[in-house]
Every structure is written in structure tokens, then in C-alpha cells.
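Peer 1: Build me a model:
(8 chains)
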8 protein chains.
Amino acid sequence: MDKPQIGIIMGSKSDLPIMQQAADILTKFEIPFELTVVSAHRTPERMFTYAKEARANGLRVIIAGAGGAAHLPGMIASLTSLPVIGVPIKSSNSIDGWDSVLSILQMPGGVPVATVALDGAKNAGILAAQILGSFNPEIAAKLDAYKTSLTADVMDSVRDMEKGE
Amino acid sequence: MDKPQIGIIMGSKSDLPIMQQAADILTKFEIPFELTVVSAHRTPERMFTYAKEARANGLRVIIAGAGGAAHLPGMIASLTSLPVIGVPIKSSNSIDGWDSVLSILQMPGGVPVATVALDGAKNAGILAAQILGSFNPEIAAKLDAYKTSLTADVMDSVRDMEKGE
Amino acid sequence: MDKPQIGIIMGSKSDLPIMQQAADILTKFEIPFELTVVSAHRTPERMFTYAKEARANGLRVIIAGAGGAAHLPGMIASLTSLPVIGVPIKSSNSIDGWDSVLSILQMPGGVPVATVALDGAKNAGILAAQILGSFNPEIAAKLDAYKTSLTADVMDSVRDMEKGE
Amino acid sequence: MDKPQIGIIMGSKSDLPIMQQAADILTKFEIPFELTVVSAHRTPERMFTYAKEARANGLRVIIAGAGGAAHLPGMIASLTSLPVIGVPIKSSNSIDGWDSVLSILQMPGGVPVATVALDGAKNAGILAAQILGSFNPEIAAKLDAYKTSLTADVMDSVRDMEKGE
Amino acid sequence: MDKPQIGIIMGSKSDLPIMQQAADILTKFEIPFELTVVSAHRTPERMFTYAKEARANGLRVIIAGAGGAAHLPGMIASLTSLPVIGVPIKSSNSIDGWDSVLSILQMPGGVPVATVALDGAKNAGILAAQILGSFNPEIAAKLDAYKTSLTADVMDSVRDMEKGE
Amino acid sequence: MDKPQIGIIMGSKSDLPIMQQAADILTKFEIPFELTVVSAHRTPERMFTYAKEARANGLRVIIAGAGGAAHLPGMIASLTSLPVIGVPIKSSNSIDGWDSVLSILQMPGGVPVATVALDGAKNAGILAAQILGSFNPEIAAKLDAYKTSLTADVMDSVRDMEKGE
Amino acid sequence: MDKPQIGIIMGSKSDLPIMQQAADILTKFEIPFELTVVSAHRTPERMFTYAKEARANGLRVIIAGAGGAAHLPGMIASLTSLPVIGVPIKSSNSIDGWDSVLSILQMPGGVPVATVALDGAKNAGILAAQILGSFNPEIAAKLDAYKTSLTADVMDSVRDMEKGE
Amino acid sequence: MDKPQIGIIMGSKSDLPIMQQAADILTKFEIPFELTVVSAHRTPERMFTYAKEARANGLRVIIAGAGGAAHLPGMIASLTSLPVIGVPIKSSNSIDGWDSVLSILQMPGGVPVATVALDGAKNAGILAAQILGSFNPEIAAKLDAYKTSLTADVMDSVRDMEKGE
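Peer 2: Okay, the predicted model is just below:
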């Protein structure tokens, strides 16, 4: 397998069912990635090392998912100048996801996190592919084909609904 | 000036004081950009054309800012596979910015928008630079220097505060 | 069947259980309608065409339902001067419906969407009928009869409760 | 002046600065309207009479604005089968407008209110015109011209911004 | 049975499981009450009559429960000068109860509604008893006894917990 | 002056501009009251004594206003079986008043607080008068006259607006 | 068993499943505690006595959990100068926990409550241990060991995930 | 001056007007403290060092204030087992303070932050004093005296209000 270009990290193994969706879409686009657990609050040193070495390790984008007071995406962004995509996760002890969303989105000037929708790991994967696609025409072509497939799916629904009436 | 690599668009000229911050930081990083008004609700055809032609026009990232029921970033993202950064703007008739944030952030699976903080146009500019920096070591170096300058600013505050005591 | 006067559209086939309620009440009022999927984010061209041709196709009102960052009603309203009724849908990945409500309701000056309650497709159908009823006494009479039936239902509850005591 | 086709009512004279915007846009479209105060909580009998006689008085649409626990639009809708447009108003003692929005929007099944944005009286006027325009080609033409003017305004901004650079 | 002193009304029969709790506590305090459905939106005339005749019918307090855009308590309060207790109900189509709470609580100056907690019909019944108890020492004594029983229940929990350890 | 029948208390002297409105309306209705500061958090013993002795002191209703984590109304209600009216106050360090509203409104079963709108001290005064008016025909008559004056005020606005056109 | 140093109290026995988590973690750290029910609204005198005697009884920290309009932590804090840790509990009749959080967190200047996350009783226990650990090196060592175990747990997840791929 | 026992840190110098209130109250209690800027996002290494060395440097409690996506308190808590008090700050680009509150309060199990009210730095100082006071009778006595002074202030208000009438 090729050297990972995307790092997918999550604050807890319990976030895997959501974060796997980022991995799946990257697999579909044939973009090599790595997937692991990095906890801001339980493994802060590991988080430091991961972020500091990310660019040298060949990563071009980091996708970080976390729930509750979700500090992982923002702290990663403070430690690397790679683009960081944040996935707010509606964990069991979250207040309807608002805590995750706001603690990822509302970063101060100077340190952006590209935030996607609550539990939106699939979109995080697509966004990472789009970032690569800005410089890689092959990936851009795959993204355009994917867009066409989304349209086709809707048109299937249209036909299904017509038949159903 | 070089061909723009970043397109900065906004739903209304009244968004300019916020969106100018994206332009300023790109100027600082010497990244060529274009800046204009594209309204999803008042110039939908223009929006279509803008998005459809963006990649062919050489753009690598689009930054779109809008307030209230902010459809511009998401609609642009539906029309191009370039990465789209959304800036929620707290306009005068917004409900404390919640409407802008949620109508940009909560995109459905398949069509991501990289959302930054409310009125966070400066971070949108930095994020766009980071995306370019993933493939351009010169920009990456500038981003690292910028990060160093942020640290230096804090250390100045630290010294100021020590003197003040 | 007569030419449709009301267009009922939805962003995804998964919205059908809610949006069918608009269809059912229009059926009850014997108002011809059409029902289909039009996605702002996955079929933007289809959305453009649908809206642009709606008046020429004989539609008098468009009912558009969508969840999450719900751009369909507002974008339709930007593309036609027909009255557009928006139905916010509490989809599975919505933040309690607030995203759908705010991204439909908070339209900027110039481009209104007539928003009904969260998941309020039935009321969207009634509202469409009321719009027709402003010019069609037969429909107005049906609406008054419907109002009377609502009152009768409550009076049945009153009697049930009296008996139950 | 012609017989009013639109009734604009508000819960308090203090709502006039907002509600006047509905009147102004109807004046622009040359649609005859009436404008008065009807309070659900301070003049309930007047509200009853107003709603009950509205259709017979020639009204085709009622626009009702109110703030706080805003019951006027919904109560009018319970008393007439004309289409009722509700304008939530962010009054001084409102909780950021949430109270007005929710008490107008969240009507139960059977009794719709076409809700527009917070303080969105201008859009209420346009929506009323759109309803008339569904049956009146002259008004429809004016609405299309208005849409064209909105586009032209944006294009002016585009040119201004180009010159400014 | 004695003439009802408390009127318990609700907007829909589906509110009965909640509103019955007000009836049960009044039964416990041996305060005669009546219980029925009065819908602001489906039986506005009935609501008018109910409120207008309430004092003459011997009622001293009205308890009104409703969900969503809950207009019943406020409209009753606009039509009578009896004290009105409002019970916000978290109905199935409510936005987490916020709509019910705000549309009952945020009444304008001049027309109060004594609002209790979401689904707090039991407390509405106790509050009605407290109002009567301000003038009726026998009811006041029952309320004090009830307070004592609440304390006793906690002390039972204390002992249970001690034993459990 | 007659013995106070209503106790108006507030958590801080800074709440007086709001709470004075309760006093003013009671003065208008010629209902004797007392007005003082009782802080749940700074004078808990005083609060205990105030509540415990209230009924014996001749009070029939207690109006308690507080902001932020507003415990005064609920604690008073835990200490007396008199009806307690709570006034949430939007103090300077409040989160838009939500904290005051929720910490007064959401009392547990058994211990009601009759909550009025944010900063709604005037309505608290009227509600207290309504409670007395349930047993005192003279006060009831004053309340009905007050209601009539509210209607007259609206009718004045109606005439003003007619003249203004 | 040693004399309790931590008092864990809760407003209702139904809070025990949450509050037991504070007890469990203190047991793990071998810190003696007591656990009981103290209700602000149903046993106010007991609450007074508990708080007033806490320091004399040897307690060094009080952990108080409550739901809805949660007054227990703040009232305890008004009655003792011991540090008080508040645990907001998402009880069945809570509005998504916002009421509990705000009525514990938003204490006025002068009377702090150390608030932890919604249902965060485990963290309340750890925080109490940390307070003791500031003066007790043995407890500090246990806390550091606990931190190490948290890191080890994450590293186990990392290895599990590596194997799973 | 004695060796600092409390560390007061803030994410930005602009937080000083709020955080100074913590310093002022500690000065009043004659508790030695240090005050500086430590930014999670701009000086992450400094943050690491500060937290890791805090206990060895003699600190017993850390007070950390930050606004927006406020990661400083939680990250400090992940790096030391000292008690950490978090002060959410309503900075200019905050969404009404909700972002600061939730990103400090909602820490995951294992890593508590003792959160105080929005902008509640004064209470953070008092809480730090209370923690010391659990082991230091002199500080406990000062805290009790402070509590007495709060009561006296209220009683002054009571007298002022009596005179004013």
C-alpha cells in the first residue's frame, strides 16, 4: 500500500463507527490513509508528536474526530500547518452535539479547523480528497465521477417515485 | 499579478468588511486571489457559472461567505468538486449567527463545506493557504513562519504583563 | 387527472414519509399536484430547470421539503417568483431540527420562503390549498368545511372525556 | 384607492417600523392593502371580528406581525381559511427573537401560518404579492421585474468592487 | 360533587396523560375541578366562551396545557382576569419543548400566564391549590401536610441508602 | 397603610429597576405590599426566615425576582406553601436570560413556581392581583377595568395609525 | 472506615446511578466519603444543617448532584465556605440538560460552584481527589498513576485498531 | 512575596480585564499567585511546560480562562493532576459565550475541569481560595469573614431600600 497521505485520528475508539466512514470514502477514491486513536486529553504527548511529525511523515491533510469538549482537532491545528478537518461527534454524554460542534468550529484567528457537519466523517473524507484533487487531476476526475453518481442516485429515486404512483 | 488561485466570494457587498480579512491574509502570504460578490438568492445563474468554471479558471479553493439562511457555500460546493470553505457571517438580521453557522455547516453526505468560525474570514484565508501549502513547500514555509509569529506575539504579551506587575 | 397546480418536491427520497402528508391533504381537497425528488446539492441543474419552468408548467405553488442545511426551498425561491412553501425536516443527522428550520426560515430580504413547522408537510399542503382558495371559492368552501371538521373532532374528544369520567 | 386585498396587522403600534416594510413593498407593487393594529391579547374580540370578516371584506391574504409570545398570526389562522403570513418580531423583551419565531412557526397540524424570517416584514409583503401573482399575470410580471432588479443591484456591487481594487 | 373551582383544559386529547396529573393532585387535595378539551386553534369560539364565562361559572383558577405553538394559556388569559396557569407540553412535533415553553412564558406586559415546568401539570395542580390555600386555611393545612410528606419521602430514601451501603 | 398582602423580594438591589414594576402595578390596584432584598446565596438564613414567617405575617403571595442561577424563587417555594411568583431577570452576567428562566421555571414535581416572562415583573404584579381577585370582587373589578384600559390603548393606536395615513 | 473527607449528596434517590460514579472513583482512590440524599426543595432544613456542619464534621469537599432547576449545589455553596462541586444531571423532565447545567454553573459573584460536565459525576470524584491531592502527596501519586492508566488504555485501543486492520 | 500557590493563566492578553478579577480576590485573601498568558493554540509547547512543571513549582491550583473554542483549561487538565478551574470568557467573536462554556465544561470522563460561570473569574479566585481553605484554617477563616461581608452588603441594601420608601 502507498504511503498514507491522509491521517484519520479520533479521540476514542468509540468514535470508530463514525470515523470509519471517512476511511471508507478514501478507500473508494483509492487515496492511501492511516487510521488511529489519538486522545488530546489522555495522550497529549502522543498528540504533540503526531501533529509535529505529520508533514514530515508525508501526510497532506489530517482528519480529526472528537465528541463533547472536543479539543483534538484544534490542538492538532495548533501544532501543524497542514490543513486539519474537524469532525464533531455526537457522543453519548454530549449535549445534543452542540458542545462538539462549538469546541471544534469556533477556533480563534490564526488557527483554522475545517469543520464538517455533526457526525459528518464521510464529508471529511470527501473534503480531504477535494484538497488533494486541487493538485491531482486523477483524483479530481474521480470526484467529478462521484458527483455524477450522486446525481444518478437522485434520478433513480425520481424514477422509483414515478413508478410508485 | 498572477492568475488567482483562490476565489473569495460573498453573498452581499455588506459582507466585505468581514471577507476582506481573508483577502488580507492571502495578500500577506503572496497568494493571488480574486474577490467578488456572488449571491445565491439574487444571482443564481452567476453562481452556477462561477462554480462550474472555477476549476477551469485556475482556482484551487473557493472561500464563500454569507449570512442568515446562508446557501452560497453549500450551493457552490454542489456545483464544483473544488474544496469550498464557508464563512458564516453574523449579519444584522441573523439570529445571533446560529442561522448562518447551521446552514453552512450541516451539509448532507456527499457535499462537504469546510466551515470556519462565525465571522472567521481570516481563518478561511489561512486554511486556503494551508491547502495550497500541502503541495507548495514555499507556502508551507510561510505558514510555519506565521505560526512562529503568533507564538512571538504571545511571548510579547507575557513580557508586557510581567513588566506591568 | 388534471394538470398539477402544486409541485411537491423533496431533497431526498427519505423525506417521502413526511412529504406524503402534503400530498394526502391535497388529494383530500381534490387539488392536482405532482410529487418528485429534486436535490439542491446533488441535482442542482434539475433544480434550476424545475424552478425556472414551474410557472410555465402551470404550477401555482411549490412545496419544498428538506433537512439539515436545507437549501432547496430557498434556492427554488431564488429561481421563480411563484410562492414557495418550505418544510423543515428533522432528518437523522440534523441537530434537533434547528438546522433545517433556520436554513429555510431566515431568507434574506427579497426572496421569501413561506416556512411551516418542523415536519409540518400537512400544513404545507393546507397552506397551498389556502393560496388557491383565495381565488377559487370552491376550494375556499372545502377549507371551511375542513375547519369545521377540526372543530367537530375536538368536540368528539370533549364528549369522550366526559364519558370517561 | 382600490379595495384592500392584503390586510397587514400587528400586535402593537411599536411593531410599525418593522411592519411598514410590508406596506412599502406592496405600495411598490401597486397592490392595495390596509394596515392596522390588532392585538390578540389586548383586543381579542377585535381579532375575532377581523379574521372572521376578512374574506368577505375582500382580503386575499393577511400579514400578521407580533413579538414575544406571538399568538396573533396563529389565532388569525384559526379563525379564517385565508392564507396567513406570520412575521416574528424581535421586540425589546424578546429572548433574542426565539420566542416570536417558535410561537408563530410551530403551529399544529390543520392550521398553518406561512412564517417568514425574524423581522422579515418586507419578505411577507413580497410573499403576499407572489400569492396574488399566482393568479394575476400583471403582478407576476412585476415580481419578475423585481427579481431582475435584485440581480442588477448585485451586479452593481460587483462593478463597484472591481473599481475599488 | 361540589361545583368545580379549578378548570383544567388542554389543547388536544393527546395531552391528557400529562394533564391528568393536575387532576390527580387536586383530587388528593379534595378540590373540585372540571377537565376538558378546549383548542385555541380548532375551537376558538369554544375557547372564547369558556374563558369569558369562567368566573361566573365559579372557577377561581384555570389550568391550561398545550404543546408546540401553544396559544391556549395566553389566549385564555387575554379573555379573563382569573389567574391562568400554563403547562407547556413536549408534544411529538415540538422542538424539544422550547416552542411550548416560550409561547406560554413570554406573554406581553398586561396579560400574565403563571407558567410551570415543561410537562409540569402536577405542579400546576399544586399551584392552583396554593392559590386557593391563600384564602382557605383548610387547603393551606393540606398543603403543609403535603410538604411534610415530601420531606418524609426523602428521609425514607436517606434510610434506604444507608441500609444499602 | 394596610398590612402587606404581597411580598416582593429580589436577589440584589440591582434588580430594583425591574422589580419596581411589580410594585407600581400593585400600587395602581391599591393592594398593600412590601418590597425588600432577600438573597438566596448571600443571606440564606434571612431567606429561610422570610419564607417560613410569610403566611403568619399576612402575606398571600410572594413575588421573587432573580437573575443568573436564580435560586431565590424556588427556594422560597420550598419553604412556604404560599403561591410564589418567579421573575427571571436578565442580569449583566446572564447568558441572554436563559439561565434565569430555566433555573426558575424547571422546578421539580411538588414545589411549583409560577414563572412569568423574562424581566416580566409587571406581569408578576398583575398575577398577584389576579390571585387576590379570585376571592376579592373589588380587586376582580379593578382587573377587569384594567383589561378594558388595555383594549382602549390599542384602539387609540388604531385611530392614531388611521390618522397617520 | 476512616472519617469521610468528601460528602456526596444528591437531590433525589433517582440520581444515584449517576452519583454512584463519584463514589466508585473515590473508592478506587481509597478516599473515605459519605453518600446520601439531601433535597434543596423537599428537605431545606436538612440541607441547611448538612452544609453548616460540613466543615466541623471533617468534610473537605462537597459533591452535589441535581437535575432540572438544580438549586442544591448553589445553596450548599451559600451555606459553607468549603469547595462545592456541582454535577448537573439530565433527569427525565429536564430540557436536554440545559436547565441543570445553567442553574448550577451560572452562580453570582461571591458564591462559586465548581461545575463539571452533564452527568459528569465521575469527574466530580476525580476533582475532589485532585483537591485533596494538592496537599496530600500520596493521593497526588494515585492521580498520576490514574492518568498513566488512561494513557495506557488509549494505547491499547491503538494496538487493537492496528490489529483490526 | 511568597512563592505563588495559584497560577492564573489566560489564552490572550485581551482576557486580562476579566482574569484580573481572580487576581484581585486572591490579593484580598493574601494568597500568593502568578498571572500570565499561556495560549493553547499559539504557544502549545509553553502550555505543555507550564502544566507539566506546575506542581513542582509549588502551585496547588491552576485557574485558566479562555474564550471561543476554549481549549486551554481542558488541555492543562490533561497535563497535570492539579485541580484546574476553567473560566469561560465571552470574547468578541464568541457565539454569546456558549462556545466557551461548552468547550470548557463538557470534558470527558477522567479529566475534570472545575468550571465557573461565564466571565466568572472572581468566583474562580474564591474557589481556589476555598480549595486552599480546606487545609488551611487561616484561609478558611478569611472565607467565612468574606461570606459575612456579603451578608452585610445585602443588609445594607435592605436598609437603603427601607429608607428610600
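Peer 1: Name all residues that make contact with the residue most central in space within chain A.
Peer 2: Residue closest to the mean C-alpha point of chain A, counted by CA atoms, centre = their mean, is residue A:124 at 3.2 Å. By CB atoms under 8 Å, 6 or more residues apart in numbering or on different chains, residue A:124 lies in contact with A:22, A:63, A:65, A:85, A:86, A:87, A:116, B:112. (Glycine included, C-beta is placed from N, CA and C.)
Peer 1: thinking the first one is in contact with residue A:122, fair?
Peer 2: Yes: taking CB atoms under 8 Å as the definition, residue A:22 is a contact partner of residue A:122 at 6.6 Å.
Peer 1: about what we covered before: sitting in helices, which of the contacts of residue A:124 do you find?
Peer 2: Counting by DSSP state H, the contacts of residue A:124 place residue A:22 in helices.
Peer 1: hey, C-alpha coordinates of stretch A:127-135 in PDB?
Peer 2: What follows is stretch A:127-135, C-alpha atoms only, in PDB (Å, rounded to 0.1, in the frame of the first residue of the first chain):
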ATOM      1  CA  LEU A 127     -13.100  17.200   1.600                       C
ATOM      2  CA  ALA A 128      -9.700  15.600   2.100                       C
ATOM      3  CA  ALA A 129     -10.000  14.100  -1.400                       C
ATOM      4  CA  GLN A 130     -11.000  17.500  -2.800                       C
ATOM      5  CA  ILE A 131      -7.900  19.100  -1.200                       C
ATOM      6  CA  LEU A 132      -5.700  16.500  -3.000                       C
ATOM      7  CA  GLY A 133      -7.800  16.900  -6.100                       C
ATOM      8  CA  SER A 134      -6.900  20.500  -6.300                       C
ATOM      9  CA  PHE A 135      -3.400  19.400  -7.400                       C
END
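Peer 1: how distant is that stretch from the center of its chain?
Peer 2: Distance of stretch A:127-135 from its chain centroid, counting by CA atoms, centre = their mean, to the nearest Å, is 12 Å.
Peer 1: how about that stretch, does it reach chain C?
Peer 2: No: judged by CB under 8 Å from any CB of the partner chain, stretch A:127-135 stays clear of chain C, getting no closer than 14.1 Å.
Peer 1: neighbour-wise, which of residue A:22 and residue A:122 wins?
Peer 2: When neighbours are counted by other CB atoms under 10 Å in any protein chain shown, residue A:22 and residue A:122 differ, and residue A:22 comes out ahead with 29 against 22.
Peer 1: which residues does the residue of chain A found nearest chain E contact?
Peer 2: Going by CB to the nearest CB, chain E is nearest to residue A:96 of chain A, at 8.2 Å. By CB under 8 Å, 6+ apart, residue A:96 lies in contact with A:90, C:95, C:96, G:96.
Peer 1: Is there contact, residue-wise, from stretch A:15-27 to chain G?
Peer 2: Yes: Stretch A:15-27 is in contact with chain G by CB under 8 Å from any CB, via residue A:16.
Peer 1: got a list of contacts for that stretch?
Peer 2: Here stretch A:15-27 makes contact (CB under 8 Å, 6+ apart) with A:6, A:8, A:10, A:32-33, A:35, A:63, A:65-67, A:87, A:89, A:91, A:119, A:121-122, A:124-126, A:128-129, G:161.
Peer 1: Out of these, list just those in strands.
Peer 2: Judged by DSSP state E, the contacts of stretch A:15-27 include A:6, A:8, A:10, A:33, A:35, A:63, A:65, A:66, A:67, A:87, A:89 as members of strands.
Peer 1: What about chain G: which of these touch it?
Peer 2: residue A:35.
Peer 1: Please tell me which one of the ones in strands among the contacts of stretch A:15-27 counts the most neighbours.
Peer 2: Counting by other CB under 10 Å, top hit in the ones in strands among the contacts of stretch A:15-27: residue A:87 with 34 neighbours.
Peer 1: Just list the residues touching that one, thanks.
Peer 2: Residues near residue A:87 by CB under 8 Å, 6+ apart: A:18-19, A:22, A:63-66, A:73, A:104, A:116, A:119-121, A:124.
Peer 1: Closest one of the residues you listed to residue G:55?
Peer 2: Closest to residue G:55 out of the contacts of residue A:87 is residue A:66 (39.4 Å), distances taken as CB to CB.
Peer 1: How confident is the prediction for the spatially closest residue to the closest one that is not a sequence neighbour, by pLDDT?
Peer 2: Once flanking residues are discounted, residue A:66 sits nearest to residue A:11: 3.8 Å by CB to CB, 6 or more residues apart in numbering or on different chains. You'll see residue A:11 listed with a pLDDT of 96.
Peer 1: and what of the one 4 residues further on?
Peer 2: Confidence per residue is given as pLDDT, and for residue A:15 that number is 97.
Peer 1: Report how many residues lie close to it.
Peer 2: Residue A:15 - counted by other CB under 10 Å - has 23 other residues nearby.
Peer 1: helix, strand or coil for it?
Peer 2: Residue A:15 falls in the helix class when you classify it by DSSP: H, G, I helix; E, B strand; the rest coil.
Peer 1: Just the closest residue of chain A to chain D, please.
Peer 2: The minimum distance from chain A to chain D, using CB to the nearest CB, falls at residue A:98 (14.8 Å).
Peer 1: Which elements pack onto the longest helix seen in chain A?
Peer 2: The residue-count maximum for a helix in chain A (DSSP H) belongs to helix A:137-164. If you count contacts as 3 or more CB pairs under 8 Å, 6 or more residues apart in numbering or on different chains; DSSP states H and E, helix A:137-164 packs onto helix A:121-133, strand C:33-37.
Peer 1: Need the winner for burial among the ones you listed.
Peer 2: helix A:121-133 (a mean of 27; mean count of other CB atoms under 10 Å in any protein chain shown).
Peer 1: Now do it, average pLDDT.
Peer 2: For helix A:121-133, mean pLDDT is 98.
Peer 1: Quick check: residues of chain A near chain B?
Peer 2: Within chain A, the positions adjacent to chain B are A:55, A:60-61, A:81-83, A:85, A:101, A:105-118, A:120, A:122-124, A:126-127, A:130-135, A:140, A:143-144, A:146-147, A:150 by CB under 8 Å from any CB.
Peer 1: Centre of the chain to stretch A:71-86, how far?
Peer 2: Put simply, stretch A:71-86 sits 12 Å off its chain's centre (CA atoms, centre = their mean).
Peer 1: thinking again about what came up before, let's have the helices and strands packed on helix A:137-164 in JSON lines, adding distance to residue A:157.
Peer 2: JSON lines is the format used below for those (distance: least, CB to CB, whole Å):
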{"stretch": "helix A:121-133", "distance to residue A:157": "19"}
{"stretch": "strand C:33-37", "distance to residue A:157": "5"}
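Peer 1: neighbours of residue A:2, just the number please.
Peer 2: 9.
Peer 1: Quick check: closest non-adjacent residue to it.
Peer 2: Residue nearest to residue A:2 in three dimensions, not counting chain neighbours: residue A:32, with 4.1 Å by CB to CB, 6+ apart.
Peer 1: since we're on the one you found, how many residues are nearby?
Peer 2: 13.
Peer 1: any idea how far it is from residue A:121?
Peer 2: 17 Å (CB to CB, to the nearest Å).
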